[in-house]
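Engineer: A predicted structure for the sequence below; I have some questions about it.
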Amino acid sequence: MDGRVRRLTLINSIVGVSTAGMSNRIFIISMPTLATALGTDIFGISWALIVYQMSGIGLGVVCGRLGDLYGHRKSFGIGLAIMAVTSLLCGLSQNISQLILFRFLQGIGGAMIQSSGRTLGYQSMPEGSEGKAQGLMTMSHQFGFFIGPPIGGLIIDWIHWRGIFFFLFVPSLVGSALCFMTGRSVAASPARHPSIDYRGSALFLGLTILVTMLLDQKIAAVVGKGAYGLLGLAAGGTLWAFLAHEKKTPNPMIDLSLFSRSAFGYGSIGLLMCCITQGITTFVTPFYLQDVLKLSPTLIGLIFLVPSLFSMVFSPVSGVLTDRIGARVLLITGVLFLIAAFLIGANLRADSHWILPTTLLGLTALGSAFYNTPSQAVMVRSLPKEHWGTAIGIINGIFGLGQMLGISLSAIFLTLAFRFYSGVPGTTPQPGDTRAFVASMNATYLFALGIIFVPLLTSLKSRSSFEGHST
């Protein structure tokens, strides 16, 4: 690529990754409204969030692999086109079942955008700037987070909840058109023989679905203990089949030997745990702000500007520092910010000032900026360039799995704690019971606090793996 095409490619990546970030956060901010409008509860609407992550987890790696083989520009453009069409379908949904289906399809487009868009961002930057590239891509994602909440809140308050999905159609269509326009200026890549592990991809997607079903309390109540046990056996059998297949196939979807590299292995564990805690915060906080503190969707949207703004500012800074001084100090700093955030969450009250949850979200953003950016940059840097698309797909899968597990585990933990504090067996969390809900939320944040010590240990354990560009 010449200089002009590199610049257009970078702009294109920013547009796409920002749109993917916006589609996630604009939905999160609307969850309480959507649950009421579609006649569902906190668990039903959580599935519309989970399935988006599910498709990203199950298909992120294969999308990255397809980009490595057929070209990331083409994969990126198709992903944006899928995002545009499915956004319209989500806006036309008449019930929660339709919304869940269309969100799953939207997640396929999101998986293609994240895997190929971030890879294009890396490729458009000079060699040795992996940290800076990751910081820029994270900033782009957070820009979508930044503008998503206020726009979503305003659309819900002044127009209609369906408008939040129709709004996503425009940037998706523009990004897709720009992608195919710049593609004409790039020479075709040499022909490569495709080698996609479709069986492994199908097994991994099936495993993702089964694990998600196991973690969902609503499904557990519906199927009963006997069927639930069979579901667990099916998940265990699928995991065994997936690992056995990946070990013997010459071109696996996930090369398990990658995790034997210290930087990639420890980085994966730490990133997964960190993302789980972020998923917990993402799921619980909007219900506290709207249903306990009684804040309007517009004000909640403005509050969610704070973490997005912090991430936008500090992710590039973290990326540049990663290239210069290494990642280890930054990783530990990020964990300390997250510890402070969850300590605040564990002490929130029903009459707390909105400044406290806003501070919690800000500290969470700082923790993510100083942990996620260097962690992902070092993981990509540890692998050969021809596998960067696959590596980014794996990282996106880890990120999605962490978010999904965070949402599911927070729902489980919140439910168990709510039943304890309310004294009503078999009930689901009801923000209307303020005392029990807040106490349950505090316990959930303590649960997140315990999890976050795992990334701290992996950062300390892998000293040589995270010490600067020589890795």
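Structural biologist: Received, thanks. Residues are numbered from 1 along each chain as shown.
Engineer: please make it C-alpha for all contacts and neighbour counts, starting now.
Structural biologist: Fine.
Engineer: so, low pLDDT: which residues of the stretch 1-150 of the chain?
Structural biologist: Residue ranges of the stretch 1-150 of the chain with pLDDT under 70: 1-4, 43, 126-131, 134.
Engineer: can you rerun that using 50?
Structural biologist: Judged against pLDDT under 50, the stretch 1-150 of the chain has no low-scoring part.
Engineer: tell me the contacts of the closest residue to V320 other than its chain neighbours?
Structural biologist: Spatial nearest neighbour of V320, chain neighbours left out: K132 (5.0 Å); criterion: Cα to Cα, 6 or more residues apart in numbering. For K132, the contact set (Cα atoms under 8 Å, 6 or more residues apart in numbering) comprises 316, 319-320, 322-323.
Engineer: kindly recompute the last result at 7 Å.
Structural biologist: If a contact means Cα atoms under 7 Å, 6 or more residues apart in numbering, then K132 has 316, 319-320 as its contacts.
Engineer: and it, what element?
Structural biologist: helix 130-158 (DSSP states H and E).
Engineer: check F283 too.
Structural biologist: Applying DSSP H and E, one finds F283 within helix 262-287.
Engineer: for that helix, packing partners?
Structural biologist: helix 355-381, helix 388-422, helix 453-461 (3 or more Cα pairs under 7 Å, 6 or more residues apart in numbering; DSSP states H and E).
Engineer: and the shortest one, C-alpha only, in CSV?
Structural biologist: The C-alpha atoms that make up helix 453-461 are tabulated as CSV, following Å, rounded to 0.1, in the frame of the first residue of the first chain:
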residue,chain,number,x,y,z
PHE,A,453,-6.3,-10.7,41.5
VAL,A,454,-5.7,-13.4,38.8
PRO,A,455,-4.5,-10.8,36.2
LEU,A,456,-2.3,-9.4,38.9
LEU,A,457,-0.6,-12.8,39.5
THR,A,458,-0.2,-13.5,35.7
SER,A,459,1.5,-10.0,35.3
LEU,A,460,3.9,-10.8,38.1
LYS,A,461,4.5,-14.4,36.9
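Engineer: can you list contacts of the next helix or strand after the helix holding F283?
Structural biologist: For helix 262-287, the following helix or strand on the C-terminal side (DSSP H and E) is helix 297-303. Helix 297-303 has contacts (Cα under 7 Å, 6+ apart) with 29, 149-150, 153-154, 157, 289, 358.
Engineer: in PyMOL, select just the buried ones from those.
Structural biologist: Command for PyMOL, covering only those of the contacts of helix 297-303 found buried under the criterion 16 or more other Cα atoms under 10 Å:
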select buried, resi 29+149+150+153+154+289+358
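Engineer: save the contacts of helix 297-303 as JSON lines, and put in distance to L366 too.
Structural biologist: Output for the contacts of helix 297-303, formatted as JSON lines (distance: Cα to Cα, whole Å):
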{"residue": "I29", "distance to L366": "20"}
{"residue": "P149", "distance to L366": "18"}
{"residue": "P150", "distance to L366": "20"}
{"residue": "G153", "distance to L366": "24"}
{"residue": "L154", "distance to L366": "26"}
{"residue": "D157", "distance to L366": "29"}
{"residue": "L289", "distance to L366": "20"}
{"residue": "T358", "distance to L366": "12"}
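Engineer: using CSV, list the CA coordinates for stretch 67-86.
Structural biologist: The C-alpha trace of stretch 67-86 is given here as CSV (Å, rounded to 0.1, in the frame of the first residue of the first chain):
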residue,chain,number,x,y,z
GLY,A,67,-9.0,-12.6,6.4
ASP,A,68,-5.5,-14.1,6.4
LEU,A,69,-6.4,-16.3,3.4
TYR,A,70,-8.7,-14.1,1.3
GLY,A,71,-7.8,-10.6,2.3
HIS,A,72,-8.7,-8.6,5.4
ARG,A,73,-10.1,-5.8,3.3
LYS,A,74,-12.7,-8.0,1.7
SER,A,75,-13.7,-9.6,5.0
PHE,A,76,-13.9,-6.2,6.7
GLY,A,77,-16.2,-4.8,4.0
ILE,A,78,-18.5,-7.8,4.1
GLY,A,79,-18.6,-7.6,7.9
LEU,A,80,-19.7,-3.9,7.7
ALA,A,81,-22.4,-4.8,5.2
ILE,A,82,-23.8,-7.5,7.5
MET,A,83,-23.7,-5.0,10.4
ALA,A,84,-25.8,-2.5,8.3
VAL,A,85,-28.5,-5.1,7.3
THR,A,86,-28.8,-6.7,10.7
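Engineer: residues in contact with stretch 133-144?
Structural biologist: Against stretch 133-144 from outside (Cα under 7 Å, 6+ apart): 14, 17-22, 118, 121-122, 125, 308, 311-312, 315-316, 318-319, 373, 377.
Engineer: filter those down to the buried ones.
Structural biologist: 14, 17-22, 118, 121-122, 308, 311-312, 315-316, 318-319, 373, 377.
Engineer: determine which two of the contacts of helix 297-303 are furthest apart.
Structural biologist: D157 and T358 (20.9 Å; Cα to Cα).
Engineer: quick check, pLDDT for V438.
Structural biologist: Per-residue pLDDT puts V438 at 91.
Engineer: for it, give me its contacts.
Structural biologist: V438 neighbours (Cα under 7 Å, 6+ apart): 349-350.
Engineer: ok, 8 Å please
Structural biologist: 288, 348-350, 431.
Engineer: host element of it?
Structural biologist: helix 434-451.
Engineer: any buried residues in that helix, and which?
Structural biologist: For helix 434-451, using 16+ other Cα under 10 Å, the buried residues are 434, 436-449, 451.
Engineer: now swap in stretch 27-46 and tell me
Structural biologist: 27-32, 34-35, 38, 41-46.
Engineer: care to break this structure down by domain?
Structural biologist: According to automatic domain parsing, the chain comprises the domains 3-181+253-466, 197-252.
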